[in-house]
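1. sequence and predicted structure, then a few things I'm wondering about:
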Amino acid sequence: MQTDKPGQGKTQEQLVDQYSRTISYLRLSITDRCNLRCLYCMPPKGIDSSSFVKCLDLLSYEELLRVVTIAVGMGMNKLRLTGGEPLVRNGVMGFISSLARLKGLEDVRLTTNGVLLHEKAAELYGAGIRNLNISLDSMKPQRFQEITGADMFDQVWQGIQTACDLGFNVKLNVVAMRGINDDEFADFARLAAHRAIQVRFIEFMPIGNKESWDKSRFISANELMGMISTLGTMEPEGYRRPGVAGTMDGAGATAPGSQMEGPARVYRLTLPDGQSGRVGFISPISHHFCDKCNRLRLTSEGRLRACLLHDNETDLKAMLRQGGTDYDIRTAIQQTILSKPKGHTLQDDLATSGQVNCHGRMSRIGG
Ligand code: SAM
Ligand code: SF4
């Protein structure tokens, strides 16, 4: 019999897709608005306010909570809030506190540009967040401004310090761009070795603001690993004994057995001075992590998306606003899971047509 109660019926099994992946992780883009204009994410002149999703078209916190409650009832247990910049949306702390009370939701994380972090970190901690991904592509104030359009490096840096002091588990996301910030990768890696911060280098993707992308700016994760490994010794995290087959088939410059943390391959970097820290490499383009992908995304206007790089979406907002039952929402989630593609074809698309089949704005999808 069909039921309207979330959690009834077989859980977990509903989360397994056609390729035997268990989809346990939901990313919510709670707003497409942002207080920065990163060159790879937003158009060069920024976007005028009429292009943003109208407030009424964003899912309300009640609607978001309903979707999350249903997803958690199905067995999903990890959530990330992203955007746009999640900390610019009014009422976000109350929303996080409600999420923290949801039984079965084990982990709520946040991705932020750090601009409002100094001001909001203590509240975030109080609301139950322990893990923060902070995006930072340069530690040079002038360059930070060129990349993000805002003279806010000091503010972001202060936010990072505050988050570390409060005891958050902090990961820094660095988009690797040749000719833009490649002279700073060593400094970022040293930061990871000297502070309790994991630094993750992300391949520059031709999505978001596609005009800013060109092949010559792209640096593959293998090349990045090659650069970072010259700084000291790099051992895969979770590495037990030499020769154990790892997850890194085909990834030339790396040792086997590195730990996959979500999409990142993580290594312990030890510098000649004996200091060590964790560095990660996220290679959506050169080395698909699709076979390990465990996520769904909900866009800022309530469309459920099975893959960052495929534009197929299910309009959950329409269902929520047209009297859809919990059963309807659950079925839509399940169908989206079943429609999840085996992998993306970004590299092939680029090689054949030079075009990419992902037209969504990053700030809408949430990265
Ligand atoms: N505003 C928040 C932030 O910047 O951390 C959250 C949203 S942002 C869209 C999420 C992540 O996507 C950021 O780490 C950002 O660097 C990354 N990102 C956006 N566009 C990208 C692109 N074209 N290539 C690689 N990473 C990208
Ligand atoms: Fe804003 Fe994040 Fe996009 Fe930068 S990457 S413009 S901080 S949403």
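-> Yes, it's here. Numbering: from 1, shown residues only. Ligands and ions are numbered 1, 2, ... in the order given.

2. in the stretch 101-250 of the chain, which spans are strands?
-> Secondary structure of the stretch 101-250 of the chain by DSSP state E, counting those that start in this stretch: the strands cover 107-112, 131-135, 169-176, 197-203, 233-236.

3. hang on, Tyr267 in a strand?
-> Yes. Per DSSP: H, G, I helix; E, B strand; the rest coil, Tyr267 lies within a strand segment.

4. contacts only, for it.
-> 225, 234-237, 254, 258, 278-281 (C-beta atoms under 8 Å, 6 or more residues apart in numbering). Backbone N, C-alpha and C define where each C-beta goes, glycine included.

5. where does the protein have low pLDDT?
-> Scanning the chain for pLDDT under 70 picks out the ranges 1-11, 44-49, 210, 238-261, 353-359.

6. number of nearby residues for the closest residue in space to Phe281 that isn't next to it in sequence?
-> Closest residue in space to Phe281, ignoring its immediate chain neighbours: Ala221 at 4.2 Å, by C-beta to C-beta, 6 or more residues apart in numbering. Close neighbours of Ala221, defined as other C-beta atoms under 10 Å, add up to 25.

7. cool, and the one 10 residues further on?
-> Other residues within reach of Leu231, judged by other C-beta under 10 Å, total 17.

8. can you check the one 5 residues further on too?
-> When counting by other C-beta under 10 Å, one arrives at 21 neighbours for Pro236.

9. repeat that for Gly208.
-> Number of residues near Gly208 (other C-beta under 10 Å) recorded here: 24.

10. so who does it touch?
-> 40-42, 361-363.

11. thinking again about what came up before, how about the residue nearest to Phe281, what does it touch?
-> Neighbour list for Ala221: 201, 203, 251, 265, 281-283, 286-287 [criterion: C-beta under 8 Å, 6+ apart].

12. scan those and report the most crowded one.
-> Phe281 (27 neighbours).

13. how much space between Ser283 and ligand 2?
-> Ser283 sits 18 Å away from ligand 2, going by C-beta to the nearest ligand atom, to the nearest Å.

14. that residue contacts Phe204, doesn't it?
-> No. If you go by C-beta atoms under 8 Å, Ser283 and Phe204 don't touch, sitting 11.0 Å apart.

15. ranges for the helices of the stretch 151-300 of the chain?
-> Taking DSSP state H, counting those that start in this stretch, the helices of the stretch 151-300 of the chain run over residues 153-166, 185-194, 221-229.

16. want to try TSV for these, with distance to Leu116 as columns?
-> Formatted as TSV, the helices of the stretch 151-300 of the chain follow (distance: least, C-beta to C-beta, whole Å):
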stretch	distance to Leu116
helix 153-166	7
helix 185-194	22
helix 221-229	29
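
17. select, out of those, the one closest to ligand 2.
-> Ligand 2 lies closest to helix 153-166 among the helices of the stretch 151-300 of the chain, at 9.8 Å (C-beta to the nearest ligand atom).

18. can you tell me how far Leu298 sits from Val170?
-> For Leu298, the distance to Val170 equals 25 Å [C-beta to C-beta, to the nearest Å].

19. of the two, give the one with the bigger neighbour count.
-> Higher neighbour count among Leu298 and Val170: Leu298, with 28 against 21, using other C-beta under 10 Å.

20. is that one bridged to anything, and to what?
-> Using DSSP bridges, the bridge partners assigned to Leu298 are Leu28, Leu304.

21. one step back: would a markdown table of the strands of the stretch 101-250 of the chain with distance to ligand 2 be doable?
-> Formatted as a markdown table, the strands of the stretch 101-250 of the chain follow (distance: least, C-beta to the nearest ligand atom, whole Å):
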| stretch | distance to ligand 2 |
| --- | --- |
| strand 107-112 | 8 |
| strand 131-135 | 6 |
| strand 169-176 | 8 |
| strand 197-203 | 11 |
| strand 233-236 | 27 |
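
22. re the thing from before, now for the contacts of Ala221, which pair is the farthest apart?
-> Using C-beta to C-beta, the contacts of Ala221 reach their maximum pairwise distance at Phe201 and Ala251, which is 13.6 Å.
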